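*Asks:* heads up, no residue letters with this:
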């Protein structure tokens, strides 16, 4: 009874945007697709603001999403992350020893076997290629949002992401080549480096500087109870605006391939739930704190879709089946991840310290 009361109290602390986030996400996806279809000048104008296949407007919105979390990073927790290696072991095992291969298996099973009557063989090959690109690229930016929504430990999440990014630089291409037998996979290194700078380094620096200055001038209590509460709304606003922009770029693609989009979505959704629960249950068996367990599962379940889309376009072309599959990855990831966020929050009492609010003060409606 006590555990359920804790969960209910935490849920009541959510604002209207967070409480009905799934509805806002669905509306933003619809708005984005409509803009892309009927107002193509909007994405065409935004596409001019790209560097190394990375959208600068999207990067700015991602800053809004993850800055509130970065501002709360206690660098002492980063140093101490090495004293809690279990979370890192789960994250790295999921992303590099399990996830790419289960993604390939589910994609092959559904797109090549079960859905064979509905998908031509050559397109199935391209769709599988796109899903493998997604599976081999663990999330870099959005995972900070999922960690925030599950009250994850911001310092430990940062360490998990940083270690994955380092491994990604050397492991992405070999894994893709192994699974697809493609000898000329080109990882756009400038895209990877720019994404890490934009999505991790810049917001982390801004968060650290503002944290130090505010605590020095206003005190830690004012920072945690006034400043953090006032900026937390930026995370949700940034997420919703980002979705509108992302889906405005793919409006015609989505509307032109409704059946195939549904078929591609099936293995992607199954893979997302499968990987999350492997990591989450593993963390429960190891008795890891929820503030580390939830982000560990989220990092494994979500994907670095910016990199996957860029590589798919460079390898197979903008109008290829591989590029479409990576776009479907964007389409299904946010709603599915919100479901996993809800599951993680409702099962907080399974874990040590599950009745405590880790790293984040209570938010008011």
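*Replies:* Cool, the structure landed. Note that this is a predicted model, so its numbers are computed, not measured.

*Asks:* which stretches of the stretch 251-365 of the chain form helices?
*Replies:* 251-256, 258-285, 290-301, 305-316, 321-346 (DSSP state H, counting those that start in this stretch).

*Asks:* Please tabulate those in JSON lines, including the columns distance to residue 214, mean pLDDT and mean neighbour count.
*Replies:* (Each C-beta comes from the backbone N, C-alpha and C, glycine too.) Putting the helices of the stretch 251-365 of the chain into JSON lines (distance: least, Cβ to Cβ, whole Å; pLDDT from 0 to 100; neighbours: other Cβ atoms under 10 Å) gives the following:
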{"stretch": "helix 251-256", "distance to residue 214": "41", "mean pLDDT": "75", "mean neighbour count": "16"}
{"stretch": "helix 258-285", "distance to residue 214": "33", "mean pLDDT": "94", "mean neighbour count": "19"}
{"stretch": "helix 290-301", "distance to residue 214": "23", "mean pLDDT": "90", "mean neighbour count": "29"}
{"stretch": "helix 305-316", "distance to residue 214": "31", "mean pLDDT": "72", "mean neighbour count": "24"}
{"stretch": "helix 321-346", "distance to residue 214": "28", "mean pLDDT": "87", "mean neighbour count": "22"}
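
*Asks:* Against residue 44, how distant is the residue sitting furthest away from the middle of the chain?
*Replies:* Here the centre of the chain is the reference, and by Cα atoms, centre = their mean the most remote residue is residue 217, at 34.2 Å. Residue 217 is 45 Å from residue 44, where distance means Cβ to Cβ, to the nearest Å.

*Asks:* cool, and residue 137?
*Replies:* Distance, residue 137 to residue 44, using Cβ to Cβ: 27 Å.

*Asks:* what about those two, which has more around it?
*Replies:* A direct count of neighbours by other Cβ atoms under 10 Å for residue 137 and residue 44 places residue 137 higher, at 30 against 12.

*Asks:* shouldn't residue 275 be in contact with residue 302?
*Replies:* No - Residue 275 lies out of contact with residue 302 (Cβ atoms under 8 Å); the separation is 9.2 Å.

*Asks:* Identify the element of secondary structure that residue 162 sits within.
*Replies:* Assigned by DSSP states H and E, residue 162 belongs to helix 154-180.

*Asks:* In that helix, which residues are buried?
*Replies:* Neighbour-count burial for helix 154-180, counted by 16 or more other Cβ atoms under 10 Å, picks out 154-165, 168, 172-173, 175-176, 179-180.

*Asks:* so who does the residue nearest to residue 340 when sequence neighbours are not counted touch?
*Replies:* Computed as Cβ to Cβ, 6 or more residues apart in numbering, the closest residue to residue 340 that is not its neighbour in sequence is residue 276, at 5.2 Å. Counting by Cβ atoms under 8 Å, 6 or more residues apart in numbering, residue 276 makes contact with 297-298, 300-301, 340.

*Asks:* Distance check, residue 276 against residue 171.
*Replies:* 21 Å.

*Asks:* List of residues touching stretch 122-129?
*Replies:* For stretch 122-129, contacts defined as Cβ under 8 Å, 6+ apart pick out 104, 107-108, 111-112, 115-116, 119, 180, 182, 260, 264, 312, 315-316, 320-322, 324-325.

*Asks:* So for it, what gets flagged as buried?
*Replies:* 123-124, 126-129.

*Asks:* Which single one of those residues is nearest to residue 30?
*Replies:* Residue 30 has its nearest neighbour among the buried residues of stretch 122-129 in residue 127, at 24.2 Å by Cβ to Cβ.

*Asks:* The closest one: which element?
*Replies:* Here residue 127 is assigned to helix 121-135, by DSSP H and E.

*Asks:* From the chain's centroid, how far away is that helix?
*Replies:* In terms of Cα atoms, centre = their mean, to the nearest Å, the centre of helix 121-135 is set 20 Å apart from its chain centre.

*Asks:* if we can go back for a sec, any idea of the mean pLDDT for the helix holding residue 162?
*Replies:* Helix 154-180 shows a mean pLDDT of 81.

*Asks:* relative orientation of it and helix 321-346 in degrees?
*Replies:* On the basis of axes from the mean of the first three to the mean of the last three Cα atoms, to 10 degrees, helix 154-180 is oriented at 140 degrees to helix 321-346.

*Asks:* just the angle between helix 154-180 and helix 121-135, please?
*Replies:* Using the same axes, to 10 degrees: helix 154-180 against helix 121-135 is 150 degrees.

*Asks:* Need the per-residue pLDDT for the residue nearest the centre of the chain.
*Replies:* When Cα atoms, centre = their mean is applied to the chain, the residue found nearest the centroid is residue 142 (3.5 Å). pLDDT, residue 142: 76.

*Asks:* which residue packs closest to residue 214, ignoring adjacent ones?
*Replies:* In space, residue 214 is closest to residue 223, 4.9 Å off (Cβ to Cβ, 6+ apart).

*Asks:* Was I right to think the one you found contacts residue 210?
*Replies:* No - using Cβ under 8 Å as the test, residue 223 is too far from residue 210 to be in contact (9.0 Å).
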